[in-house]
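No letters, just coordinates:
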């Protein structure tokens with residue numbers, strides 16, 4: 001039922017030069033039908049706002065293509081893109097997903113989004129104002145609702161632009177090679193729980209949840225998190241899912257059948273044109289390049305397109321990521337970008353978007369490393385079109401770890417292993433990386449605070465790998481390389497520029513005196529000192545982790561035998577970067593990266609249910625029989641810039 005209708009004036013902003021002259025033009029006003037209910041197959045009502053083209057305050061008769069966003073963040077967040085597209089001849093619909101804000105039902109990530117999306121799209125396609133063509137938008141979780149929708153193979157769904165999209169999250173995203181990504185603790189504590197949940201509709205309950213969110217740093221330090229032990233019990237849907245996610249490490253049906261696992265269910269995915277967008281410092285979209293894009297391009301006939309920028313999560317309109325500045329070209333006009341795609345597939349405009357190369361990447365690096373007015377390091381970079389991903393001309397190059405801390409193409413000989421103690425009570429602090437949902441509590445106040453800190457659980461993007469007073473997990477201001485539990489392997493200063501574009505895989509040989517532990521890997525671009533940065537900069541490029549009990553298979557845990565040497569495969573998110581002449585390529589190996597990942601107690605107890613902690617002695621092997629190495633996707637210089 002329609003509760004209200006409002007008139008919005010169209011914003012007649014001039015088109016950017018990125019949009020072809022044949023692009024759809026603003027010519028309508030907007031009327032909005034707020035709080036329209038759509039009944040799902042099980043009787044649950046989901047609520048949406050419908051933005052329609054109008055003239056003189058009345059909806060225009062006729063049929064139009066529809067753009068849909070299904071979101072857990074409140075349907076009013078769809079208003080900015082609706083104001084852009086509706087004047088150009090589209091209908092915009094923003095819907096609260098099940099159990100969020102105005103919609104009925106219980107929330108569970110993506111479990112219901114396939115059939116709810118199907119029912120919603122079918123309803124839209126049958127309305128008298130729909131021309132039967134529906135496109136979808138949304139970033140992060142709403143990107144994942146698009147994948148869930150496509151997996152339900154609904155009628156009328158024509159094309160999608162899932163940006164930084166959550167998917168396959170039992171492999172990367174919630175679990176990460178068996179470890180738990182702590183940003184989800186923060187999402188439940190500070191985003192999902194106190195905002196938009198059914199429980200939060202009670203003022204007293206919302207106040208209790210907001211106060212709980214201010215304690216997220218305390219709870220992150222004090223894991224495990226047990227059901228019923230915190231005020232989160234007032235929001236049982238959120239507590240139940242969080243405890244399950246933290247306790248369930250096996251990549252089995254719990255994750256594969258969760259609703260948006262594209263790789264596991266690619267046969268069910270509707271064969272339609274999809275533009276995948278991600279960032280090299282994003283938490284979701286980066287692995288889209290290796291997983292969703294590659295899988296769909298191989299298995300579907302329809303056009304699959306990929307763009308990867310130097311962005312953090314949702315940061316495509318920015319030219320920076322953390323402390324790295326990439327130049328003004330790095331940012332894009334995302335609405336104009338989406339318009340070209342939708343104009344072609346939904347309005348039939350021949351703007352050439354379907355004839356462009358299928359892959360567009362931003363190659364980071366090449367800048368002069370000066371300090372920008374904002375205090376960032378100028379990394380620089382440039383856009384480049386490609387015909388496939390991974391790049392066919394890649395030369396996969398092994399860089400081996402050596403006892404003396406060297407990282408080189410030379411294979412190791414008879415070399416002694418390197419051991420370190422990993423104390424889970426003093427983990428290595430997270431300084432940037434592929435992170436989302438890092439947000440501070442709404443009050444911008446934490447029970448653990450530092451002078452000048454951002455109040456976030458952690459920071460996202462590229463950061464100099466040196467501790468600072470404002471980082472709540474740092475005990476000092478030393479570089480991470482000075483810690484005894486961080487093993488540093490680096491090249492000599494590079495004699496020439498070296499481009500690395502593609503998958504980043506570490507093959508490690510290791511043992512432990514513990515039945516279970518973690519091994520982490522971090523790729524770093526070491527900048528030489530200059531007048532603006534007299535100590536140089538250790539800039540993080542990528543990182544990852546593997547929980548030892550999942551070293552053989554993500555589907556089945558198996559504890560280690562103390563002292564036995566095992567192979568470990570640690571795949572970071574992909575990247576594209578030029579390591580400049582004079583820089584060093586560095587690989588850091590350790591056993592923690594907190595609070596990016598939960599800390600392994602080293603005891604082998606059930607996940608999220610330990611009562612004990614133990615210091616582990618972990619050993620890395622780098623000899624002829626155990627050649628630990630990183631496989632770098634090097635792009636030959638003669639064809640690297642085309």
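Looks like it came in fine. All values reported here derive from a predicted model rather than from experimental measurement.

drop to CA atoms for contacts and neighbour counts, all remaining ones
Noted.

wait, what's in contact with the closest residue to residue 226 other than its chain neighbours?
The shortest distance from residue 226 to any non-neighbouring residue, by C-alpha to C-alpha, 6 or more residues apart in numbering, is to residue 243 (6.7 Å). Listed by C-alpha atoms under 8 Å, 6 or more residues apart in numbering, the contact partners of residue 243 are 225, 226, 227, 608.

So residue 123: helix, strand or coil?
Per DSSP: H, G, I helix; E, B strand; the rest coil, the secondary structure class of residue 123 is helix.

Just among the contacts of residue 243, which is most surrounded?
Of those, residue 608 is surrounded by the most neighbours, 21 neighbours in total, counting by other C-alpha atoms under 10 Å.

hmm, who's touching stretch 136-143?
With C-alpha under 8 Å, 6+ apart as the contact definition, stretch 136-143 has outside contacts at 67-72, 146, 159-166, 284, 313-314.

And for stretch 348-356?
With C-alpha under 8 Å, 6+ apart as the test, stretch 348-356 has contacts from 20, 22, 23, 303, 340, 341, 343, 344.

Just the buried ones from those, in ChimeraX syntax?
Here is the ChimeraX selection string for the buried members of the contacts of stretch 348-356, based on 16 or more other C-alpha atoms under 10 Å:
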select :23,303,340,341,343,344
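
Run through the residues that contact residue 169.
Contact analysis of residue 169 by C-alpha under 8 Å, 6+ apart lists 175, 176, 255, 261.

will you turn the residues you listed into CSV that also has secondary structure and neighbour count?
Written out in CSV, the entries for the contacts of residue 169 read as follows (DSSP: H, G, I helix; E, B strand; the rest coil; neighbours: other C-alpha atoms under 10 Å):
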residue, secondary structure, neighbour count
175, strand, 24
176, strand, 19
255, helix, 21
261, coil, 23
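
about what we covered before: of the contacts of stretch 348-356, which is the nearest to residue 153?
Proximity to residue 153 was ranked across the contacts of stretch 348-356 by C-alpha to C-alpha; first place goes to residue 303, at 16.5 Å.

quick one: contacts for the residue nearest to the closest one when sequence neighbours are not counted?
Closest residue to residue 303 apart from its sequence neighbours, by C-alpha to C-alpha, 6+ apart: residue 273 at 4.7 Å. Residues in contact with residue 273, defined by C-alpha under 8 Å, 6+ apart, are 158, 159, 160, 302, 303, 304, 305.

Just the buried ones out of those, please.
158, 159, 160, 303, 304, 305.

With residue 553 as the reference, measure out to the third one.
When distance is defined by C-alpha to C-alpha, to the nearest Å, residue 160 is 33 Å away from residue 553.

just to revisit the earlier point, how about CSV for the contacts of residue 243, with distance to residue 293 added?
CSV is the format used below for these (distance: C-alpha to C-alpha, whole Å):
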residue, distance to residue 293
225, 35
226, 37
227, 37
608, 33
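
May I ask which two of these are separated the most?
Using C-alpha to C-alpha, these reach their maximum pairwise distance at 227 and 608, which is 10.5 Å.

is it true that residue 468 touches residue 452?
No: with contacts counted by C-alpha atoms under 8 Å, residue 468 stays clear of residue 452, the gap being 10.1 Å.
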